[in-house]
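**Student:** here's my sequence, what's the structure:
(one chain, ligands or ions: 2)
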Amino acid sequence: MFSLSAPLLAGSGQFSLNCKDISSSACRSHLPNQSFVSQTVTSPPSELSMGSLDPPPPAIPIIDLAAVRAASLQGSSKTQGGAVLATACKEWGIFQALNHGVPEEVIERYRTQMLSIFSLPMERKQEAERSPMTGMRGYQMRENSGPLELFQVEAGNEGVVQDYAQKLFPDSSPAEFCATFKECNVAFWNLAMEILDLLIAELGVNPSHFDIFKTEAEGMLRANFYHRSESTEQVLGLDPHMDGGLLTILLQDDVSGLEVVKDGQWVRVMPHKQALCINIADMLQVLTNGHLKSIQHRAVVSKTGARLTAAYFVFPKPSVVVTSAPEFVDANNPPLYRPFTWREFAEQQKRIKPNPTSLPYFKAAAEDN
Ligand SMILES: O=C(O)CCC(=O)C(=O)O
Ligand SMILES: [Fe+2]
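**Tutor:** Ligands and ions are numbered 1, 2, ... in the order given. Model (predicted):
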């Protein structure tokens with residue numbers, strides 16, 4: 001077991017962390033047996049945004065991907081399992097996936113690597129700091145609302161990962177750090193592509209429209225470390241936003257904080273020890289001409305402990321042109337967005353902080369409709 005007793009921020013005892021902050025058990029959920037969907041984890045609304053608990057808040061769907069896979073093997077391209085998945089994506093824009101195929105052992109090594117980054121002295125972390133030169137890559141300490149440290153890198157880019165390993169841990173061999181990122185990238189990528197394929201089959205779209213988002217795309221791994229809040233007010237570690245890519249896979253620890261908008265209300269996504277959260281992001285909204293919707297979410301900082309999460313975003317490469325699949329466009333469903341490249345979208349995200357998304361800048365002109 002790793003040990004983290006050093007203060008996370010040089011010169012600040014306030015944010016010291018020890019192991020029990022992260023590994024204390026708060027998750028009491030069970031795997032479903034044969035069914036695709038289970039709703040054993042309740043999702044209370046935000047502690048501060050809620051009114052009464054009557055009626056009970058809706059629960060985020062929990063989908064057993066093993067059952068979905070088994071059903072897919074038996075049938076045609078459209079399956080009961082695929083339908084369950086597509087319904088969850090349409091109605092919620094997010095679900096928790098069980099039997100997701102990312103080995104527990106890889107997840108644990110990744111957690112350990114992330115914690116070892118965040119527990120480094122601040123001077124060392126600053127060596128890997130994100131800058132206009134590095135774009136979205138690198139380490140960042142954000143103090144705007146709740147203190148959040150994050151580190152992100154294109155996990156499949158071995159040269160870049162090695163470079164960061166050397167910046168952060170100059171006295172150690174980068175081999176284990178690099179191997180962990182590589183294995184994480186492969187496992188998360190495979191899961192993302194599997195979800196995409198199931199959705200494509202279920203929605204009945206020509207898979208060729210999506211090919212470029214598989215061949216000319218990459219995964220960005222981002223670790224978020226939220227310090228425990230000492231405030232009596234609600235503190236946000238991440239403001240309300242939508243993710244820009246196709247879809248996002250999120251690993252939570254057992255401290256809750258992720259909230260999504262459902263029917264105008266913030267709903268907490270309670271951590272499930274065996275699950276990964278999958279959410280629809282902006283590019284899938286465009287590809288499906290609004291049939292699937294990118295979900296608005298935020299991270300509330302916990303008062304009980306620090307929280308570590310890992311997001312895996314799937315982004316197209318900069319030159320990829322994003323357009324709605326023809327199956328989603330007709331006289332009754334005119335194109336909602338003009339064609340644009342991922343480069344244009346990413347530039348827009350940098351120019352104006354998405355509030356909560358940059359998609360309105362890419363709306364089709366009235367005469368296109
Ligand atoms: O940490 C979380 O719960 C959410 C993370 C997230 O939304 C992001 O990194 O984009
Ligand atoms: Fe997000």
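**Student:** next, count neighbours for the closest residue to A217 other than its chain neighbours.
**Tutor:** Closest residue in space to A217, ignoring its immediate chain neighbours: P316 at 4.9 Å, by C-beta to C-beta, 6 or more residues apart in numbering. Bear in mind the C-beta positions are built from the backbone N, C-alpha and C, glycine included. Neighbours of P316 under the rule other C-beta atoms under 10 Å: 24.
**Student:** for ligand 1, what is the nearest residue in the stretch 101-250 of the chain?
**Tutor:** Per C-beta to the nearest ligand atom, N224 is where the stretch 101-250 of the chain lies closest to ligand 1, at 4.4 Å.
**Student:** residues contacting that residue?
**Tutor:** 148-150, 237-238, 299, 307-311 (C-beta atoms under 8 Å, 6 or more residues apart in numbering).
**Student:** what sits against the residue nearest to A217?
**Tutor:** Counted by C-beta under 8 Å, 6+ apart, P316 has contacts 212-213, 216-217, 245-246, 283, 322, 342.
**Student:** cutoff 10 Å now
**Tutor:** Listed by C-beta atoms under 10 Å, 6 or more residues apart in numbering, the contact partners of P316 are 212-218, 244-246, 283, 322, 341-343, 345-346.
**Student:** what does T357 give?
**Tutor:** 240-244, 281-282, 285, 294, 296, 349 are the contacts of T357 under C-beta under 10 Å, 6+ apart.
**Student:** filter the residues you listed down to the ones near ligand 1?
**Tutor:** D243 (C-beta under 6 Å from any ligand atom).
**Student:** cross the contacts of T357 against strands and list the overlap.
**Tutor:** Among the contacts of T357, the residues falling in strands (DSSP state E) are 240-241.
**Student:** widest-spaced pair of the contacts of T357?
**Tutor:** P240 and Q285 (16.0 Å; C-beta to C-beta).
**Student:** these two: which has the busier surroundings?
**Tutor:** Q285 (23 against 17).
**Student:** residue contacts, that one?
**Tutor:** 93, 242, 246, 291-295, 324, 336-337, 357, 359.
**Student:** same question, M283
**Tutor:** 213, 217, 243-247, 294, 314-316, 320, 322, 342, 345, 359.
**Student:** how close does it get to ligand 1?
**Tutor:** 14 Å (C-beta to the nearest ligand atom, to the nearest Å).
**Student:** what mean pLDDT does the longest helix seen in the chain have?
**Tutor:** In the chain, with assignment by DSSP state H, the single longest helix is helix 175-203. In this model, helix 175-203 has an average pLDDT of 96.
**Student:** now the helices: where do they sit in this structure?
**Tutor:** With DSSP H as the criterion, the chain has helices spanning 19-23, 65-74, 80-91, 104-118, 122-126, 158-168, 175-203, 208-215, 282-287, 342-351.
**Student:** just these: most buried one?
**Tutor:** Burial of the helices of the chain is given as mean neighbour count (mean count of other C-beta atoms under 10 Å); helix 282-287 ranks first at a mean of 24.
**Student:** quick check: mean pLDDT of that one?
**Tutor:** On average, helix 282-287 scores 98.
**Student:** using CSV, list the CA coordinates for that helix.
**Tutor:** Extracted as CSV, the C-alpha positions of helix 282-287 are listed here (Å, rounded to 0.1, in the frame of the first residue of the first chain):
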residue,chain,number,x,y,z
ASP,A,282,-20.1,17.2,-27.3
MET,A,283,-18.8,15.5,-30.5
LEU,A,284,-21.3,12.6,-30.1
GLN,A,285,-24.0,15.2,-29.8
VAL,A,286,-22.9,16.7,-33.1
LEU,A,287,-22.5,13.3,-34.9
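**Student:** next one: it to chain centre, how far?
**Tutor:** Taking the mean of its C-alpha atoms, helix 282-287 sits 15 Å from the chain's own mean (C-alpha atoms, centre = their mean, to the nearest Å).
**Student:** do the same with stretch 356-369
**Tutor:** 24 Å.
**Student:** what residues are up against the nearest residue to M283 once chain neighbours are set aside?
**Tutor:** Spatially, and ignoring its direct neighbours in sequence, M283 is nearest to L246 (4.6 Å; C-beta to C-beta, 6+ apart). By C-beta under 10 Å, 6+ apart, the contact set of L246 is 192, 195-196, 199, 210, 213-214, 217, 280-287, 294, 313-316, 322.
**Student:** and of the helices of the chain, who's closest to E259?
**Tutor:** helix 80-91 (17.2 Å).
**Student:** now L336, nearest residue through space, not along the chain?
**Tutor:** That would be G290: by C-beta to C-beta, 6+ apart, it lies 5.1 Å from L336.
**Student:** pretty sure F151 sits against T134.
**Tutor:** No - if you go by C-beta atoms under 10 Å, F151 and T134 don't touch, sitting 11.6 Å apart.
**Student:** the two: who's more crowded?
**Tutor:** A direct count of neighbours by other C-beta under 10 Å for F151 and T134 places F151 higher, at 24 against 15.
**Student:** does F181 really touch A155, like I thought?
**Tutor:** Yes - here F181 lies in contact with A155, judged by C-beta under 10 Å, at a distance of 4.7 Å.
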